[in-house]
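Q: Provided below are the primary sequence and the corresponding predicted coordinates.
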Amino acid sequence: MWLVIPAAVGLFLVRTVMLARRLKIAAANPTLADMRALREAKRALKAHRAELESAVSSTKGHLAAAKRLARAPSPDGRSKASGVRRTVEDAFVSRET
């Protein structure tokens, strides 16, 4: 009866070592399925990078357009005032007419 616990611990250690060796061997020699999964992951990563580059370039385009519009003179010839001042001026002009 007193040998049951040491036997169980020993069996656990042997199975753990065997499993570790199998995993080490499997990592050293990838199977066809592993290689296929790796290729698929690489393809998915490339597709994701292409979408990301497209999104970044479109964002840069929007930013450049916003900067260009911010530097453009206003169509009515007014100086570049704050948005609040322009809103107030436009409100007074519309009330007077």
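A: Great, that's in hand.

Q: Kindly list the longest helix within this structure.
A: helix 32-71 (DSSP state H).

Q: same question for that one, mean pLDDT?
A: Per-residue pLDDT values over helix 32-71 give a mean of 86.

Q: center of this structure - which residue?
A: By C-alpha atoms, centre = their mean, the mean C-alpha position of the chain lies nearest to Leu52, the distance being 8.0 Å.

Q: So that one versus Ala28, what's the distance?
A: As defined by C-beta to C-beta, to the nearest Å, Leu52 lies at a distance of 34 Å from Ala28. (C-beta placed from N, C-alpha, C; glycine too.)

Q: Please apply the same query to Val9.
A: 29 Å.

Q: Kindly report the same for Ala44.
A: From Ala44 to Ala28 the distance is 25 Å (C-beta to C-beta).

Q: Of these two, give the one with the bigger neighbour count.
A: With neighbours defined as other C-beta atoms under 10 Å, Ala44 and Ala28 compare such that Ala44 has more, 10 against 7.

Q: which residues touch that one?
A: By C-beta atoms under 8 Å, 6 or more residues apart in numbering, no residues touch Ala44.

Q: can you check His48 too?
A: Taking C-beta under 8 Å, 6+ apart as the definition, His48 has no contacts.

Q: Just give me the neighbour total for Lys60.
A: Neighbour count for Lys60, taken as other C-beta under 10 Å: 10.

Q: what's the answer for Ala50, then?
A: When neighbours are counted by other C-beta under 10 Å, Ala50 comes out with 10.

Q: quick one: contacts for it?
A: Under the criterion of C-beta under 8 Å, 6+ apart, Ala50 has no neighbours.

Q: and the host helix or strand of Ile5 with helix 32-71, angle?
A: Taking DSSP states H and E as the definition, Ile5 sits inside helix 4-28. Angle, helix 4-28 to helix 32-71, by axes from the mean of the first three to the mean of the last three C-alpha atoms, to 10 degrees: 60 degrees.

Q: Distance from helix 4-28 to the middle of the chain?
A: Relative to the centre of its chain, helix 4-28 is centred 39 Å away, using C-alpha atoms, centre = their mean, to the nearest Å.
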